[in-house]
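Colleague: Pasting the sequence and the predicted model now:
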Number of protein chains: 2
Amino acid sequence: MNTITSLDQMVQHLCNSGVNRRIAVAVAEDENTISALIEAKEKGFASPILIGNKNKIEEALILENAKPESFHIIDIPDHTLAAKEAVRMVRNDEADVLMKGLIGTDKFLRAVLDKEEGLLPPKAVMTYVCALELPKYDKLLFVSDTAVIPYPDLKQKIAMVNYTVQMTKKFGIENPKVALIGASEKVNDSFHYCTDYTQICKMVDRGQIPKCTIDGPLDVFLACDKESVKIKGVPTPINGEADALIFPSLESANSFYKGLMLFGGGELAGLIQGTIKPVVVMSRSESQKSKFYCVALSCLMA
Amino acid sequence: MNTITSLDQMVQHLCNSGVNRRIAVAVAEDENTISALIEAKEKGFASPILIGNKNKIEEALILENAKPESFHIIDIPDHTLAAKEAVRMVRNDEADVLMKGLIGTDKFLRAVLDKEEGLLPPKAVMTYVCALELPKYDKLLFVSDTAVIPYPDLKQKIAMVNYTVQMTKKFGIENPKVALIGASEKVNDSFHYCTDYTQICKMVDRGQIPKCTIDGPLDVFLACDKESVKIKGVPTPINGEADALIFPSLESANSFYKGLMLFGGGELAGLIQGTIKPVVVMSRSESQKSKFYCVALSCLMA
């Protein structure tokens, strides 16, 4: 397949591939969620299953000029029960993707993380990967973890690498360049991520982590700017052309992507990884467009 | 004074104010450093004192079309001794600003940090503040710490706030809005910065830190985007109009500003703070323009 280098190409690829994913939506009562789902349904790659207060769901659909009768709606007004039913459907293969609607993130994640009836396998690491599109970068930039793990340890960092590499492969990137981000390229034990990064690099050498081109620590300049690599003369196989950036902390990944969304004209599609099926959790302050892209990404990954 | 909202306004303000600062430059042998200094000298706000190998300094000046005879040059070819002399001049009030040229950062900082003959008062915190100019933000954004302290503790965070507030006042911002940055606005002890942030907020309330409008934790959206504040409904006096962002770690501040330099069309001026006089340390991969702005900022702060 051709490499997908933009979010619109991702949508186009989905449309061409003929897939159609069933998305179970917990508390599908807000217009933002609904409008992203209507667009995905119209494009033909998603079949939403809207769970929540039937009256409110129908109102939201009508407000967005959609016909309630053409949607699969399940009337469960209680938020906790709605989330439980959505998770159950995904577990039992009655749906391919789980999505959060107008329900508190804590309540929603409690259903996802339930040990008996949730979606996370025992000992699995749950993390977040997003594909960032930037007008000044000529391909997508995959970033992890922007939303879930505050301070990933070695095991969690390895999981972040694995999930990110898995995602890049779905975009047709056979040998992704993964940069492990720090404040500088120097190995220095004042920075606690260095010990994890050097171990991960060696694990890739030894075949303990799926094949990718990985290096770190690298700063954002050496990861994403060829000119900086030349000026600084640091030999790195990433060579300023990173496909993916793994950050050492949530505060760094989160500030990085939010800065670029605000000031770099960024767009994104993001997803929870580690669960048995894709889980879409979107923040209210994310753009309409980003919400649609998140739904599309979940259908690509399902 | 009028508030300075761009780096060019800062330069204009300097030119109008009639100041002229003596800048002692350790190992002033590279064209990048030299060209920034020539521009500052031509604008009239700086008098460079070039310390290093006289032949190499003269060659670099000629390459940049400047006349060596109109510059104050001190011939000390040994790097360590050149740095020592530059620091001595600043200590003895023979210069107002110290600047790093073509010398290793470690060697340079060793002279700055020397307990007997350096520039850092006992127990003072050395940190880095930079003024970031972004096409999509209608004023300057002061960011700390992008370069020095890996993981600032409470005392260091307080110093970062103080130095940043001091800098904003030089830009005519009487009551700067300072956002303490995290991944989210929620206070949550999984994020170690929360305890420091809440203490700092209360210290400002109690008058233990110079007057500014401060709040945290806040994410980058709530700090810099009014729309996000509205959508999320989080009451904060920062209100999406932050003048300054204090980050919880070097990895987060560094990735944030580097992302915006690469993908957000950013320009910057940065400075070491905490020393008895301003110290300019520039990375080789910083742009020509940024280097000139760093020199100008040091003259404003001297």
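Modeller: Everything's here; your move.

Colleague: and the stretch 201-302 of chain A, which of its residues are near chain B?
Modeller: Within reach of chain B by Cβ under 8 Å from any Cβ of the partner chain, the stretch 201-302 of chain A has these residues: A:219-221, A:224-225, A:227-228, A:231-232, A:247-252, A:254-256, A:258-266, A:284-285. Any C-beta I mention is one placed from the backbone N, CA and C, and that applies to glycine too.

Colleague: Show me those residues that map onto helices.
Modeller: The members of those that map onto helices under DSSP state H are A:220-221, A:224, A:227-228, A:231-232, A:250-252, A:254-256, A:258-263.

Colleague: Can I get the buried part of those residues as one ChimeraX selection?
Modeller: Paste this into ChimeraX to select the buried members of these, with burial taken from 16 or more other Cβ atoms under 10 Å in any protein chain shown:
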select /A:220,221,224,228,231,232,250,251,252,254,255,256,258,259,260,261,262,263
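
Colleague: What's the local residue count around the residue nearest to residue A:108 when sequence neighbours are not counted?
Modeller: Distances taken as Cβ to Cβ, 6 or more residues apart in numbering or on different chains place residue A:100 nearest to residue A:108, at 4.7 Å, with adjacent residues excluded. For residue A:100, the neighbour count with other Cβ atoms under 10 Å in any protein chain shown is 25.

Colleague: Tell me where the stretch 101-250 of chain A has strands.
Modeller: Under the criterion DSSP state E, counting those that start in this stretch, strands of the stretch 101-250 of chain A are mapped to A:127-133, A:141-144, A:177-181, A:213-218, A:244-246.

Colleague: Which secondary structure state does residue A:32 sit in?
Modeller: Of the three states, residue A:32 takes helix under DSSP: H, G, I helix; E, B strand; the rest coil.

Colleague: Same check on residue A:49?
Modeller: Under three-state DSSP, residue A:49 comes out as strand.

Colleague: what pLDDT does it get?
Modeller: Among the per-residue scores, residue A:49 holds a pLDDT of 98.

Colleague: same deal with residue A:1?
Modeller: 80.

Colleague: need the contact list for the residue lying closest to it once chain neighbours are set aside.
Modeller: Spatial nearest neighbour of residue A:1, excluding adjacent residues (Cβ to Cβ, 6+ apart): residue A:172 at 4.4 Å. For residue A:172, the contacting residues are A:1-4, by Cβ atoms under 8 Å, 6 or more residues apart in numbering or on different chains.

Colleague: Kindly recompute the last result at 10 Å.
Modeller: When the contact criterion is Cβ atoms under 10 Å, 6 or more residues apart in numbering or on different chains, the partners of residue A:172 are A:1-5, A:9, A:13.

Colleague: Repeat that for residue A:170.
Modeller: A:1, A:4, A:10, A:13, A:131, A:297, A:300-301.

Colleague: any idea how far it is from residue A:75?
Modeller: To residue A:75, residue A:170 is 35 Å away according to Cβ to Cβ, to the nearest Å.

Colleague: Backbone dihedrals for the residue of the stretch 51-200 of chain A found nearest chain B, both of them.
Modeller: Nearest residue of the stretch 51-200 of chain A to chain B, counting by Cβ to the nearest Cβ: residue A:183, 4.0 Å away. When read as degrees, to the nearest 10, the backbone of residue A:183 gives phi -80, psi -20.

Colleague: Read off the pLDDT value for it.
Modeller: Confidence score, pLDDT, at residue A:183: 95.

Colleague: Give me the longest helix you can find in chain A.
Modeller: Under DSSP H, chain A gives helix A:154-170 as its longest helix.

Colleague: list the buried ones in that helix?
Modeller: Buried, per 16+ other Cβ under 10 Å, within helix A:154-170: A:156-165, A:167-168.

Colleague: Show me how the record splits chain A into domains.
Modeller: For chain A, the structural domains run A:7-123+A:275-301, A:127-267, going by automatic domain parsing.

Colleague: Point out the most buried one among these.
Modeller: Neighbour counts (mean count of other Cβ atoms under 10 Å in any protein chain shown) averaged over each of the domains of chain A peak at domain A:127-267, with a mean of 21.

Colleague: Straight-line length of that one, end to end?
Modeller: 20 Å (Cα to Cα, to the nearest Å).

Colleague: Can you tell me the closest non-neighbouring residue to residue A:290?
Modeller: Using Cβ to Cβ, 6+ apart, the closest residue to residue A:290 is residue A:268 (5.3 Å).

Colleague: Tell me if that neighbour really is in a strand.
Modeller: Yes - counting by three-state DSSP, one finds residue A:268 located in a strand.

Colleague: Tell me how far it lies from residue A:10.
Modeller: 11 Å.

Colleague: overlap in contacts of those two?
Modeller: A:131, A:133, A:140, A:293, A:297.

Colleague: Switch those residues over to JSON lines; also include distance to residue B:113 and pLDDT.
Modeller: As requested, the shared contacts of residue A:268 and residue A:10 are exported to JSON lines (distance: Cβ to Cβ, whole Å; pLDDT from 0 to 100):
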{"residue": "A:131", "distance to residue B:113": "43", "pLDDT": "97"}
{"residue": "A:133", "distance to residue B:113": "43", "pLDDT": "97"}
{"residue": "A:140", "distance to residue B:113": "43", "pLDDT": "98"}
{"residue": "A:293", "distance to residue B:113": "48", "pLDDT": "97"}
{"residue": "A:297", "distance to residue B:113": "48", "pLDDT": "98"}
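
Colleague: ok so, going back, looking at the contacts of residue A:170, which are in helices?
Modeller: A:10, A:13, A:297, A:300-301.

Colleague: Mind picking the two most distant members of those?
Modeller: Pairwise distances among the ones in helices among the contacts of residue A:170 were taken by Cβ to Cβ; the largest, 12.3 Å, belongs to A:13 and A:301.

Colleague: got any ranges where chain A has weak pLDDT?
Modeller: Scanning chain A for pLDDT under 70 picks out no residues.
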